[in-house]
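Participant: Let me see the structure of the following:
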Amino acid sequence: MLLDNPFYTQEVQGRYDLYSIGPFELEEGTVIPDLELAVATYGSLNVDKSNAILIPTWFAGTHSVWEQAYIGHGCALDPEKYFIIVVNQIGNGLSTSPHNTQDKLIAMSRFPKVRISDDVRAQEKLLREVFDIDKLALVVGGSMGAQQTWEWAVRFPERVLRAAPIASTAQNTPHDFIFAQTLMDAITSDPGFADGEYSSHTEVSDGLERHADLWAVMGLSTDFWKTEYWRSIQPLIEGQGYNSFEEFQEGFLRTIFRMMDPNALLTMAWKWQRGDVARNTDGDLKAALGRITAKTFVMPIDHDMFFPTADCAAEQALTPNSELRELHTVTGHLGLFGFDQSYLNELDQHLAELLSIKV
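Facilitator: Model prediction:
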């Protein structure tokens, strides 16, 4: 079943290209017959192919936020200096996903289980076969993009010169597993979900709203709400502001998540729950992180209730040639969306420093 959803169009998300990497076997044993990755690139690859930066996407996100908030002239992620490749993760609505595949065998509820490691292996194949890139100057990502960053640094240490995982851990915690399950349950408990065989995402609007409400509780910090930081956030519709936190909750968070595909969110949440680089070393996290040779800046967000600094610091202590660089914003985990300019400036300074280090 191929479902139309305006949210996943170039008009909404911005320019990207689809690259087929052919049949792709997943670690759970199933196969995506023709895996297409949605890729946005910025800048040009230099002659010796030493200026490539890879950015994997986070939960529910696409390349668009990176383009709007993080990449630009004068930024650390400057397309005049680097060839920046943003790869939308499998199942995110742009790359091959439950609602957009034309293969009925894997459409909708039949979409296979995908792991973080599958994304990374697919990205490696894309870079090698399509772009002929052997080494990456930097891999940087936030949240689920950081899970992929960690996986890259552990699985392909010789290919990653620098790594910057932002607001995530290399091994998902029980707390995050449980939270991701509540996100999934909010969707699947909606009768309109119809066991994943709905005919439009609009039929699951109640479940998507409950899903958004959970993000309001955990994705944004208590200080975000207490300080009324939401008043400073640009409304989705020009000219419409928010006069109360309830209006922000409805007009921003619920409005955004109502536009998304439920099965895509479930695919990503299942993947998030099981992110674990220790799968590369028979469950030994210390051994897995010990494989990393990249110069690594581990960057938690100080008000993040998913991936608190203490969890990130514990993993950073096990990672050779790494530093802990805490980021500061009352917006919490969803600060990744670039609400807070001071956070963006701080992150940009760290990335510029990391890229300046000779490796």
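Participant: how close does Phe339 get to Ala69?
Facilitator: Phe339 sits 9 Å away from Ala69, taking Cβ to Cβ, to the nearest Å as the criterion. In this view, the C-beta of every residue, glycine as well, is placed from N, C-alpha and C.
Participant: I figured Asn46 hits Glu80, correct?
Facilitator: No - contact criterion Cβ atoms under 8 Å: Asn46 and Glu80 do not qualify, at 11.4 Å.
Participant: Looking at Phe339 and Ala69, which one has more neighbours?
Facilitator: Phe339 (21 against 17; other Cβ atoms under 10 Å).
Participant: contacting residues for the residue lying closest to the more buried one once chain neighbours are set aside?
Facilitator: Residue nearest to Phe339 in three dimensions, not counting chain neighbours: Thr331, with 4.9 Å by Cβ to Cβ, 6 or more residues apart in numbering. By Cβ atoms under 8 Å, 6 or more residues apart in numbering, the contact set of Thr331 is Leu220, Ser221, Phe224, Tyr229, His303, Phe339, Asp340, Tyr343.
Participant: Switch these over to JSON lines; also include pLDDT and secondary structure.
Facilitator: Formatted as JSON lines, those follow (pLDDT from 0 to 100; DSSP: H, G, I helix; E, B strand; the rest coil):
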{"residue": "Leu220", "pLDDT": "98", "secondary structure": "coil"}
{"residue": "Ser221", "pLDDT": "98", "secondary structure": "coil"}
{"residue": "Phe224", "pLDDT": "98", "secondary structure": "helix"}
{"residue": "Tyr229", "pLDDT": "97", "secondary structure": "helix"}
{"residue": "His303", "pLDDT": "98", "secondary structure": "coil"}
{"residue": "Phe339", "pLDDT": "95", "secondary structure": "coil"}
{"residue": "Asp340", "pLDDT": "97", "secondary structure": "coil"}
{"residue": "Tyr343", "pLDDT": "98", "secondary structure": "helix"}
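Participant: all helices for the stretch 101-250 of the chain, in order.
Facilitator: 116-129, 144-155, 174-188, 205-218, 222-226, 245-248 (DSSP state H, counting those that start in this stretch).
Participant: Tell me which of those lies nearest to Ile292.
Facilitator: helix 144-155 (4.6 Å; Cβ to Cβ).
Participant: from the chain's centre, how far out does that closest one sit?
Facilitator: 11 Å (Cα atoms, centre = their mean, to the nearest Å).
Participant: Quick one: list the elements packing against that helix.
Facilitator: Helix 144-155 is packed against strand 52-56, helix 116-129, strand 138-142, strand 162-166, helix 262-273, with contacts defined by 3 or more Cβ pairs under 8 Å, 6 or more residues apart in numbering; DSSP states H and E.
Participant: what comes into contact with whichever strand in the chain runs longest?
Facilitator: Counting by DSSP state E, the longest strand found in the chain is strand 36-42. Applying Cβ under 8 Å, 6+ apart, the contact partners of strand 36-42 are 14-21, 62-63, 66-67, 71, 79, 82-88, 90, 92, 94-96, 122-123, 126.
Participant: and with 7 Å instead?
Facilitator: Outside strand 36-42, the residues within contact range by Cβ atoms under 7 Å, 6 or more residues apart in numbering are 14-21, 63, 67, 71, 79, 83-88, 94-96, 122, 126.
Participant: ditto for stretch 238-258
Facilitator: Stretch 238-258 has contacts (Cβ under 7 Å, 6+ apart) with 205, 208-209, 211-212, 215-216, 225, 230-231, 233, 235-236.
Participant: ok, so of those residues, who is nearest Lys271?
Facilitator: His211 (16.0 Å).
Participant: I'd say that closest one and Ala186 touch.
Facilitator: Yes - His211 lies in contact with Ala186 (Cβ atoms under 7 Å); the separation is 4.4 Å.
Participant: Compare the two (neighbour count), which wins?
Facilitator: The neighbour count for His211 versus Ala186, taken as other Cβ under 10 Å, is higher for His211 (27 against 23).
Participant: dump the residue contacts of that one.
Facilitator: Leu183, Ala186, Ile187, Phe257, Leu265.
Participant: same thing with Cys75?
Facilitator: Asp348.
Participant: same deal with the one 4 residues further on?
Facilitator: Pro79 sits next to Tyr42, Gly43, Ile71 when contact means Cβ under 7 Å, 6+ apart.
Participant: Closest to Ile357 out of the contacts of stretch 238-258?
Facilitator: Ile233 (34.1 Å).
Participant: now the closest one: how far from Leu253?
Facilitator: 11 Å.
Participant: Also Tyr343?
Facilitator: From Tyr343 to Leu253 the distance is 19 Å (Cβ to Cβ).
Participant: count of neighbours near the closest residue to Asp17 other than its chain neighbours?
Facilitator: Spatial nearest neighbour of Asp17, excluding adjacent residues (Cβ to Cβ, 6+ apart): Val39 at 5.5 Å. If you count neighbours by other Cβ under 10 Å, Val39 ends up with 21.
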